[in-house]
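S.K.: from the sequence below, what's the structure:
(chains A and B)
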Amino acid sequence: DGGITQSPKYLFRKEGQNVTLSCEQNLNHDAMYWYRQDPGQGLRLIYYSQIVNDFQKGDIAEGYSVSREKKESFPLTVTSAQKNPTAFYLCASRAIAGGSGTGELFFGEGSRLTVL
Amino acid sequence: AQSVTQLGSHVSVSEGALVLLRCNYSSSVPPYLFWYVQYPNQGLQLLLKYTSAATLVKGINGFEAEFKKSETSFHLTKPSAHMSDAAEYFCAVSDDTGGFKTIFGAGTRLFVKA
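M.R.: Numbers count the residues shown, from 1 in each chain, chains lettered A, B, ... in the order given. Below is the predicted model:
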């Protein structure tokens, strides 16, 4: 079955450590996204990518980094510069058909990061 | 710039009662509008979407939403709530500009009482 796989589901980190969250999709979607979810704040966009080897900052990119070396993969690194990294992180993808943004997002199951 | 406002962070209804979750949007170009549902510790699933066809959109699980341009609204309704509808619901807006970003509202948690 096609879908998006995020790993790990739960992750604990000590302050000062970088961690990388994995996101893989087999939907053949061009665009991929990382969102951060905090209670009462909805989903906030961290980074997004429309094509391989290209990505753009979202609204809250500071303290995060990404890469897009393959169409299927869009890993997110939470660096030690992120001051409040404890959150639920969601990866999503969408098809971009004919230059239109009508396609819905498909989400992974999320990764919950806790800083100890 | 796009934005989404969901009125009410929590809504409580009795089983069998009408569900109404409110969403207002702001967009400088024709928008695409979505409702997603999230169950605890899971990703989001699409309920329904509006992409400039019929203004009344039917989705899964008996939900529907009506696009009203004059009111910049896209409220979600269901005639009769079921216990399994208890979840968090997000309204979202996208368009054909700005890298096809999707902007989400803060979410509304729906509680269903027996």
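S.K.: which ones are touching B:Ala87?
M.R.: Applying Cβ atoms under 8 Å, 6 or more residues apart in numbering or on different chains, one finds that B:Ala87 lies in contact with B:37-39, B:109-110. Every residue, glycine included, has its C-beta placed from N, CA and C.
S.K.: any idea how far A:Ser73 is from B:Phe100?
M.R.: 19 Å (Cβ to Cβ, to the nearest Å).
S.K.: which one's more surrounded, the two?
M.R.: B:Phe100 (23 against 14; other Cβ atoms under 10 Å in any protein chain shown).
S.K.: now do the same contact list for that one.
M.R.: Contacts for B:Phe100 were tallied using Cβ under 8 Å, 6+ apart; they are A:31, A:50, A:94, A:96, A:101, B:94.
S.K.: out of the residues you listed, give me the one that has the most neighbours.
M.R.: Neighbour count (other Cβ under 10 Å) singles out B:Ser94 as the most crowded of the contacts of B:Phe100, with 25 neighbours.
S.K.: what sits opposite it in the beta ladder?
M.R.: On the basis of DSSP bridges, B:Ser94 is bridged to B:Tyr32, B:Thr102.
S.K.: hmm, B:Pro31 and it touching each other?
M.R.: Yes: contact criterion Cβ atoms under 8 Å: B:Ser94 and B:Pro31 qualify, at 7.1 Å.
S.K.: which phi and psi does whatever residue of chain B ends up closest to chain A have?
M.R.: Each residue of chain B has a distance to chain A, by Cβ to the nearest Cβ, and the smallest belongs to B:Gly43, at 3.3 Å. Geometry field for B:Gly43 lists phi and psi as phi -80, psi -180, criterion degrees, to the nearest 10.
S.K.: tally of neighbours for it?
M.R.: 22.
S.K.: need the contact list for it.
M.R.: A:4, A:90, A:92, A:107-110.
S.K.: per-residue pLDDT of it, please?
M.R.: The score at B:Gly43 is 91. That number is its pLDDT.
S.K.: from A:Phe106, how far out is it?
M.R.: When distances are taken as Cβ to Cβ, B:Gly43 and A:Phe106 turn out to be 8 Å apart.
S.K.: okay, and the common contacts of those two?
M.R.: Residues touching both B:Gly43 and A:Phe106 comprise A:4, A:92, with contact defined as Cβ under 8 Å, 6+ apart.
S.K.: please consider this matter closed, and thank you.
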